[in-house]
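Participant: fold the following, please.
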Amino acid sequence: MASDVFPPEPFDIAFARFRELDAWYTGDTETLQEIYSGSATVTHQVGGRSFRGGVIGTLSKWWWGQPTASDEKRMKMHLPLAADLCTLSADLLFGEAPQVVFRKPAAPATAETAKADKADAWAHEAQERLDEIVASDEAHAEFLLWGEYAAALGGSYLAVAWDPAVSKHVFPKAYAADCAIPTFRHGRLASVRLWSEFRNGNEVFRLVEDHHPGQVSYALYRGGPKNLGELVPIGSRPETQHYELLRNESDLEVAIANQGALPLDVRIGTGSDRLAVVYMPNARPVRDWRKLGPLAHLGRSDLDGIQDILDKVDQTWSSLMRDVDNGQGRLIVGEDMLDTAAPGEGAKFDSYRQVFTTVGPTLGKAADGGAPIEQVQFDIRVEEHLQIIEALKKEIASALGYSEAHLGIDQARPGDKTATEVTADLSDSERTRDKKAMYAKAALSQWALAALEIDHAVFGGDALGDLGAAPDVVFAPLSQADPEKLARTASLMEGTSSMKERVRIQHSDWDEDEIAAEVKEIFNEESKRAAREPALSPFDDEELDDGGQDS
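Facilitator: Numbers count the residues shown, from 1 in each chain. Below is the predicted model of the structure:
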């Protein structure tokens, strides 16, 4: 009998890591303290401090893992740097929506093809439908989510989803890595189990989607946090009732003949021989999983390997906040200046009182030559703490391949660098973005093919044409590059690059025919402009020179 433990081995190793990464990503400080204190695996305690492993044990090195006495109010604050890093990664990659376009197939040049090219611009039969699916704001938002999940947990999945009640075409749906158990063959996704959770007290309902090429099954399980549990009717919860509408005709025939024989899960064909889900790794490999078989092909999180630095950032930030707390001025006053309350209620000092009546010859420490009120004011070491945080951020930038400017590190004061040099400071991030874009392009182009075929099977429409070649996925040459910057770059290249190359920089999503047409139009306009300008006579220069002098 198969084990009901969920997730199953060896993915329990991966999901333990995902839990740690997710705690940093979401700022779940309770989980961070539990993980790094080793509270789940504590073997013994010495002097109130937790140890684990072996006879002597290993003291936890993590600041978040240091135990705090129950009666101690220790200042512990979290700086959401991990979440910022994941957002930065998604913004660099998907801040501008990628273009998904079919390129014109190469064909031998003949007089007939050249004439046809001039008459009509080439377009793939499925391009218009593909634009409806991927070139919307909703799809762009889902791509951003897809990229952020990948940066946080090392990889993420994009499924082809459809529901005629909410959309007239298929649409992308992102899944984080801690909601999936994949099967890889030669490093490529062969099948995957995805799920969504619905909690009811201690019960956990999981809608499980098993994806294989050409088919998908939906099933609802009722279990607990660490076990899958029993299979229950998919209509047991209101969130999953609509999946009953996906049943095929054979299931309906079974239901008519024998209601009890109706399968609890819903299995359907997708209308495509392709897998309806793609996987996008954030980076590869996960260094300590490279020999662990099923885990070897998972991606590496931006947070993996820098947890100790993030821990020190929180420690430093908490220390600064402790300075702020301690920096609030305290007053030490003599007992003579306290107002005595009713018996048993102690005494208090009114800091807003303006007039005090002396009692006897002294007030407070006046008899000793001291001030009746002492002020205690601790320094708030702002610069020291911020310098430490900035140094830690530099280590993170170096480890992840991001430019320091993108982490908010002030590299130079205004006026120290030219605009060109400041732009060059972002090159590290652009290089890292280009590497991540390779994984995104491969995944998104395959997703587009599956999406088109499933969309045609579900919603019908015109023929798709030849889908033997995957479309190209084009990212902007620079992340969030504004038109002014691109125009300035093209202008700087004048005299060193052809007009065709300058047009390509400004319109990276255009194909060669569109670029050639734009170059031709530019030359035509320049010729017309030159024809409209009057030619200067040989004497015009002399007249202009004398025009500013009195005769």
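
Participant: now do the helices in the stretch 151-300 of the chain.
Facilitator: Counting by DSSP state H, counting those that start in this stretch, the stretch 151-300 of the chain has these helices, from start to end: 249-257.

Participant: can you give me the strands for it?
Facilitator: 155-161, 171-176, 180-185, 188-200, 203-212, 215-224, 227-232, 266-269, 277-281 (DSSP state E, counting those that start in this stretch).

Participant: name every strand pairing with the second one and say which way it goes.
Facilitator: Using DSSP bridges, strand 171-176 pairs in its sheet with strand 155-161 (antiparallel).

Participant: from the chain's centroid, how far away is the partner strand?
Facilitator: Taking C-alpha atoms, centre = their mean, to the nearest Å, the mean C-alpha location of strand 155-161 is offset from the chain mean by 14 Å.

Participant: in it, which residues are buried?
Facilitator: 155-161 (16 or more other C-beta atoms under 10 Å). The way it works is simple: take the backbone N, C-alpha and C, and place the C-beta from them, glycine included.

Participant: farthest-apart pair in those, please.
Facilitator: Largest separation among those by C-beta to C-beta: 155 and 161, giving 18.9 Å.

Participant: and the strands of the stretch 151-300 of the chain as JSON lines, adding mean pLDDT and distance to residue 33?
Facilitator: Compiled in JSON lines, the strands of the stretch 151-300 of the chain are given as follows (pLDDT from 0 to 100; distance: least, C-beta to C-beta, whole Å):
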{"stretch": "strand 155-161", "mean pLDDT": "97", "distance to residue 33": "27"}
{"stretch": "strand 171-176", "mean pLDDT": "97", "distance to residue 33": "23"}
{"stretch": "strand 180-185", "mean pLDDT": "96", "distance to residue 33": "27"}
{"stretch": "strand 188-200", "mean pLDDT": "95", "distance to residue 33": "23"}
{"stretch": "strand 203-212", "mean pLDDT": "95", "distance to residue 33": "24"}
{"stretch": "strand 215-224", "mean pLDDT": "95", "distance to residue 33": "23"}
{"stretch": "strand 227-232", "mean pLDDT": "93", "distance to residue 33": "26"}
{"stretch": "strand 266-269", "mean pLDDT": "92", "distance to residue 33": "42"}
{"stretch": "strand 277-281", "mean pLDDT": "98", "distance to residue 33": "30"}
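
Participant: and of those, who's closest to residue 293?
Facilitator: Across these, closest to residue 293 is strand 180-185 (C-beta to C-beta), at 9.5 Å.

Participant: helices or strands next to the closest one in the packing?
Facilitator: strand 188-200 (3 or more C-beta pairs under 8 Å, 6 or more residues apart in numbering; DSSP states H and E).

Participant: related to what we said a few turns ago, a markdown table for the strands of the stretch 151-300 of the chain, including distance to residue 306?
Facilitator: Putting the strands of the stretch 151-300 of the chain into a markdown table (distance: least, C-beta to C-beta, whole Å) gives the following:
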| stretch | distance to residue 306 |
| --- | --- |
| strand 155-161 | 17 |
| strand 171-176 | 19 |
| strand 180-185 | 24 |
| strand 188-200 | 27 |
| strand 203-212 | 31 |
| strand 215-224 | 33 |
| strand 227-232 | 33 |
| strand 266-269 | 43 |
| strand 277-281 | 18 |
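
Participant: those strands: which one's closest to residue 25?
Facilitator: strand 171-176 (9.6 Å).

Participant: how is this protein carved up into domains?
Facilitator: 330-352+362-376, 482-534 (automatic domain parsing).

Participant: least confident of these, on average?
Facilitator: The minimum mean pLDDT among those belongs to domain 330-352+362-376 (a mean of 63).

Participant: now the strands for the stretch 1-150 of the chain?
Facilitator: Under DSSP E, counting those that start in this stretch, the stretch 1-150 of the chain gives strands at 44-46, 49-52, 58-59, 99-101.

Participant: isn't residue 225 up against residue 204?
Facilitator: Yes. Counting by C-beta atoms under 8 Å, residue 204 is a contact partner of residue 225 at 5.9 Å.

Participant: neighbour count: those two, which is higher?
Facilitator: Between residue 225 and residue 204, counted using other C-beta atoms under 10 Å, the more crowded position is residue 204 (19 against 10).

Participant: against residue 30, how distant is the more buried one?
Facilitator: From residue 204 across to residue 30, the span is 19 Å (C-beta to C-beta, to the nearest Å).

Participant: residue 340 now?
Facilitator: Counting by C-beta to C-beta, the gap from residue 340 to residue 30 is 43 Å.

Participant: one more: residue 472?
Facilitator: On the measure of C-beta to C-beta, residue 472 and residue 30 end up 46 Å apart.

Participant: ranges for the strands of the stretch 351-500 of the chain?
Facilitator: Counting by DSSP E, counting those that start in this stretch, the strands of the stretch 351-500 of the chain are 373-376, 472-474.

Participant: give me the sheet partners of the shortest one and which way each runs.
Facilitator: Right, strand 472-474. strand 99-101 (antiparallel).

Participant: where does the stretch 351-500 of the chain have low pLDDT?
Facilitator: Filtered on pLDDT under 70, the stretch 351-500 of the chain yields the residue ranges 351-377, 411-425, 479-497.

Participant: for the longest helix seen in the chain, packing partners?
Facilitator: For the chain, the helix that runs over the most residues, judged by DSSP state H, is helix 427-459. The elements that helix 427-459 packs onto, with contact taken as 3+ C-beta pairs under 8 Å, 6+ apart, are helix 81-94, strand 99-101, helix 127-134, helix 137-153, strand 155-161, strand 277-281, strand 472-474.

Participant: neighbours around residue 125, how many?
Facilitator: Neighbours of residue 125 under the rule other C-beta under 10 Å: 13.

Participant: how far away is it from residue 75?
Facilitator: Residue 125 sits at a distance of 64 Å from residue 75 (criterion: C-beta to C-beta).

Participant: could you do residue 140 as well?
Facilitator: 41 Å.

Participant: same check, this time on residue 239
Facilitator: Distance, residue 239 to residue 75, using C-beta to C-beta: 41 Å.

Participant: close enough to count as contact, residue 26 and residue 86?
Facilitator: No. Look at residue 26 against residue 86 with C-beta under 8 Å: they stay out of range, at 10.2 Å.
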